[in-house]
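Participant: give me a 3D structure for the following:
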Amino acid sequence: MVMKTEDLLHSPLRVIALQDKDLASLALSASGGAFPVLARPIVQCGGIVFGAEMLPGGAVRHVGVRSMDELERLQGSKYVQSDYGKTFFECAEALKTGKTVLWTGTGCQIFALRSYLIRQGLSEGDMSRLYTADVICHGVIGQSLFRQYISWLEKKNNAVPGSLHYEFRSKRRGWGLYYRYTYKSIRSGRMKEKFGAGDEDPYYAAFLSGKLYRSSCYKCRFARRERASDFTLGDYWGIQEEHPGFDCAAGASVLMINTPKGKTYFETSCESACKVQESTFEKASRHNFNLIRSTQRNEANAEFAKKVEDASKRGDVDFLFRGLLAVRSTPGALLLRVKRRAGWLLPMRAISRARLLLRRLLRPGQIPPSRS
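Facilitator: Residues are numbered from 1 along each chain as shown. Okay, the predicted model is just below:
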């Protein structure tokens with residue numbers, strides 16, 4: 001039986017802005033923590049959660065986790081195509097044995113999973129225990145390029161091979177598009193760290209540019225209002241404009257609840273664990289265009305992508321990351337970097353100066369004067 005896309009699509013029943021109340025979990029999430037909010041009740045009832053995990057060396061694969069401690073392996077964004085391996089089969093077997101399952105991935109992966117389960121002849125009872133969540137997807141880059149990048153970074157930083165861990169959405173400076181990676185130095189034997197804005201990093205900037213996705217991503221059938229999953233989640237970009245009263249400093253997620261089953265599950269098992277702001281599809285999609293259409297690419301970008309692909313196949317990593325994908329230091333880019341670093345440093349300096357001044361003004365045991 002061949003499934004048509006329209007056979008499995010649903011329009012959202014509810015659209016909300018969300019932030020996890022669990023602050024430790026929120027810190028590990030790329031945005032507002034919608035994924036762990038959905039996942040925790042599944043694990044707590046003995047179910048299985050499937051999602052993408054980044055492995056040493058830059059490989060990304062789907063795995064199933066069964067405990068609260070394991071959930072953090074699946075948190076955070078991985079801007080790389082994930083290998084879902086045997087998880088379709090593992091999902092089917094779990095459902096057949098009475099387990100409740102949450103399977104998260106891109107829209108095309110969710111559609112493929114549901115089509116697979118239907119072909120396997122799972123009963124309605126089995127399928128009733130499956131919850132699916134797709135991420136708002138811009139497109140994906142194949143794993144080969146990212147693995148080459150991790151290897152190149154290790155050599156560039158004189159790191160112990162296999163020690164470099166890359167994080168796409170660090171919250172070290174709050175919610176935003178920041179990268180962070182750590183590695184063990186060969187010379188000193190110590191762990192070191194690098195941090196910066198995504199558009200200053202060769203691979204990250206390439207992803208953000210939208211030039212290097214798989215060809216099918218530019219004509220995605222799932223970048224639309226109707227979704228193939230129970231839930232759709234991602235960053236609520238533009239929330240300051242749409243919902244100015246929502247405190248988004250630590251991140252905010254948009255969550256679309258697309259099915260009656262998903263709505264019941266969220267409202268009975270998840271909603272109390274997060275801060276919620278009712279929203280609309282129109283407000284969320286104004287700043288998340290991939291809720292409406294796929295990423296576009298022009299002919300020049302397609303030609304550039306072919307050059308990157310050819311260099312990657314040749315293994316010419318220096319040409320890739322020092323040449324083709326190098327971040328250009330234009331006057332505008334340099335000014336932006338200066339402004340960013342000033343924004344990172346000045347608040348901390350101001351706090352330090354204020355504390356020093358306070359210590360000078362106050363004698364031991366004296367309390368600060370009242371502001372009233």
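Participant: low-confidence ranges, this protein, go.
Facilitator: 1-7, 329-372 (pLDDT under 70).
Participant: what about 50?
Facilitator: The model of the chain has pLDDT under 50 over residues 1, 348-352, 354-356, 358-360, 362-372.
Participant: helices along that one, start to end?
Facilitator: Along the chain, the segments classed as helices by DSSP state H run 23-28, 34-44, 87-96, 107-119, 124-127, 143-156, 202-209, 239-242, 260-265, 281-285, 299-314, 317-318, 331-361.
Participant: how much space separates the residue most central in space within the chain from residue 138?
Facilitator: Nearest to the mean C-alpha position of the chain, counting by CA atoms, centre = their mean, stands residue 77 at 2.4 Å. As for residue 77, its distance to residue 138 is 11 Å (criterion: CB to CB, to the nearest Å). (Each C-beta comes from the backbone N, C-alpha and C, glycine too.)
Participant: now residue 101
Facilitator: According to CB to CB, residue 101 stands 26 Å off from residue 138.
Participant: and these two? Which one has more around it.
Facilitator: residue 101 (22 against 19; other CB atoms under 10 Å).
Participant: quick one, what contacts residue 12?
Facilitator: 225, 227, 232, 256, 257, 258, 281 (CB atoms under 8 Å, 6 or more residues apart in numbering).
Participant: considering those residues, which possesses the most neighbours?
Facilitator: Of the contacts of residue 12, with other CB under 10 Å as the count, residue 232 tops at 31 neighbours.
Participant: for that residue, which non-adjacent residue is closest in space?
Facilitator: residue 256 (4.0 Å; CB to CB, 6 or more residues apart in numbering).
Participant: and the one you found, how far from residue 326?
Facilitator: Per CB to CB, residue 256 is found 38 Å from residue 326.
Participant: the residue nearest to the centre of the chain and residue 8, how far apart?
Facilitator: 25 Å.
Participant: what do you get for residue 41?
Facilitator: Using CB to CB, residue 41 is found at 24 Å from residue 8.
Participant: can you check residue 24 too?
Facilitator: 36 Å.
Participant: between these two, who's got more neighbours?
Facilitator: Remark: of residue 24 and residue 8, residue 8 carries more neighbours, 17 against 9, as counted by other CB under 10 Å.
Participant: check contacts around that one.
Facilitator: 111, 114, 115, 228 are the contacts of residue 8 under CB under 8 Å, 6+ apart.
Participant: try 7 Å this time
Facilitator: Counting by CB atoms under 7 Å, 6 or more residues apart in numbering, residue 8 touches 111, 114, 228.
Participant: what is the neighbour count of the closest residue to residue 25 other than its chain neighbours?
Facilitator: Of all residues not flanking residue 25 in the chain, residue 36 sits nearest, at 4.7 Å (CB to CB, 6+ apart). A total of 24 residues lie near residue 36 under the criterion other CB under 10 Å.
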